[in-house]
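Visitor: Have a look; sequence and predicted model below, questions after that.
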Amino acid sequence: MSTAPEAAADAALPDHAAAFADVALANITREYPNAPAHLYAGPEELVPPRLLHPAFYGAYDWHSSVHMHWLLLRLLRTPWRSGGQGRRAAVVRALDAHLNPEALAVETAYLRAHPSFERPYGWAWLLALTGESAADAPEHPAERGATPRGESGAPGESGAPAARRRWRAALAPAAETVADLVLEWLPKATRPVRHGTHANSAFALGLLLDSAARAGQSQLLAPVEAKIRAWYLPDHGAATRWEPSGQDFLSPLLCEADAVRRVLPRNEFAEWLGRFLPELDHATGPEFLPPPHVSDAADPQLGHLLGLCLSRAAALRGIAAALPSGDPRTSALDAAAEANLAAGLPAAVSGDFTTDHWLATFAALALGSGIAD
């Protein structure tokens, strides 16, 4: 059950749905600027990004494109306060153009041929996208009665349930590939990566745990949970003064706690949290993890700190909701979540591509739109 602040945040997402959809649609169809993570084996591979990634060529980099697709799918099952008419149909058309068997066959082959590509952050978002495609979603009047995808393969619109079945079927081979890669990687990963950017192990493992079952990859649940327990349950005595580093968009401490709350019962999690982050026992709202100062939001690395505000807000809410009812630490967690959300939310649709290509996804998470919801 949601806490009151969570419920309030979730109620705010419809107010932002149209703006988030606009920025996500613009991004997934924008091929340049582009920062490919491709390891070039020779000059014959100097090809446009769209040839390597026909589904996920936009939004500057592969992982941002994947999670912007997740955002659009999530918005299709979010009530919009305004602006839904027409935009929802445009979202369905764009997703049909990208999440089709032909494009995703190329993406799947690429993942198999490059088994460390986007490990683990992009893998986790691909599984989250697949899981979202399998979520139940009500049909919206703007999506009803349009032309389904026919035998010719021409993209078309359809009601939400039919569209999601198409996208889920097209994504399934890629999700299976990610699951295979995760199962190959976990036994070799002897230590977690704890810094606050894409390689952070706790954030990815939490996403995988939330997504695996709905994505049809339940075989990941036990090994991912086991790795979270092995890596993080022994930890103790952490301190918020260690954070943030200068270009974090994730909080290593909060990502870890947010991962652990997924695998422990409430009372056990409450005890673990006391050992892991003892200063929280004495924290008061505004003093606990205040939003960082961002000196230049247009700098691609310094701008990460705006994302840190949003990812913090989401993790803080998740941690607070996992504590037993009446736990006195909840008030400090909720107050910190509100402060960080207020600091980061305006940047999600600022008009600056530096932040627009990715922040709206984390804004949706901060507004209560959890991966497993």
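Guide: Received the coordinates, thanks.

Visitor: roughly how far is stretch 288-296 from the heart of the chain?
Guide: Distance of stretch 288-296 from the chain centroid (CA atoms, centre = their mean, to the nearest Å) equals 21 Å.

Visitor: Same question for stretch 11-20.
Guide: 17 Å.

Visitor: What are the buried residues along that stretch?
Guide: Neighbour-count burial for stretch 11-20 flags 13-14, 16-18, 20 (criterion: 16 or more other CB atoms under 10 Å). Any C-beta I mention is one placed from the backbone N, CA and C, and that applies to glycine too.

Visitor: I figured Q217 was touching T177, is that so?
Guide: No - assessed by CB atoms under 8 Å, Q217 is found out of contact with T177, at 10.1 Å.

Visitor: Compare the two (neighbour count), which wins?
Guide: Q217 (22 against 19; other CB atoms under 10 Å).

Visitor: who does the helix or strand containing L205 touch, helix- and strand-wise?
Guide: Per DSSP states H and E: L205 is located in helix 201-211. Applying 3 or more CB pairs under 8 Å, 6 or more residues apart in numbering; DSSP states H and E, we find helix 201-211 packed against helix 121-133, helix 221-232, helix 252-260.

Visitor: among the ones you listed, which is nearest G206?
Guide: helix 252-260 (4.3 Å; CB to CB).

Visitor: just for the stretch 201-350 of the chain, where's the confidence low?
Guide: The stretch 201-350 of the chain contains residues with pLDDT under 70 at 285.

Visitor: which outside residues touch stretch 173-184?
Guide: With contacts defined as CB atoms under 8 Å, 6 or more residues apart in numbering, stretch 173-184 is touched by 104-105, 107-108, 111-112, 115, 119-120, 123, 126-127, 130, 208, 212, 215-217, 219-220, 223-224.

Visitor: what about A162, how many neighbours?
Guide: That count, for A162 with other CB under 10 Å as the rule, works out to 16.

Visitor: And it, what's its pLDDT?
Guide: Reported pLDDT at A162 in the predicted model: 90.

Visitor: What helix or strand is it located in?
Guide: Secondary structure (DSSP H and E) places A162 in helix 160-185.

Visitor: now swap in P115 and tell me
Guide: Assigned by DSSP H and E, P115 falls outside every helix and strand.

Visitor: so who does E256 touch?
Guide: 194, 202, 232, 235, 238, 276.

Visitor: and the residues you listed as JSON lines, adding distance to W185?
Guide: Converted to JSON lines, the contacts of E256 look like this (distance: CB to CB, whole Å):
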{"residue": "R194", "distance to W185": "17"}
{"residue": "A202", "distance to W185": "15"}
{"residue": "Y232", "distance to W185": "17"}
{"residue": "D235", "distance to W185": "21"}
{"residue": "A238", "distance to W185": "25"}
{"residue": "F276", "distance to W185": "25"}
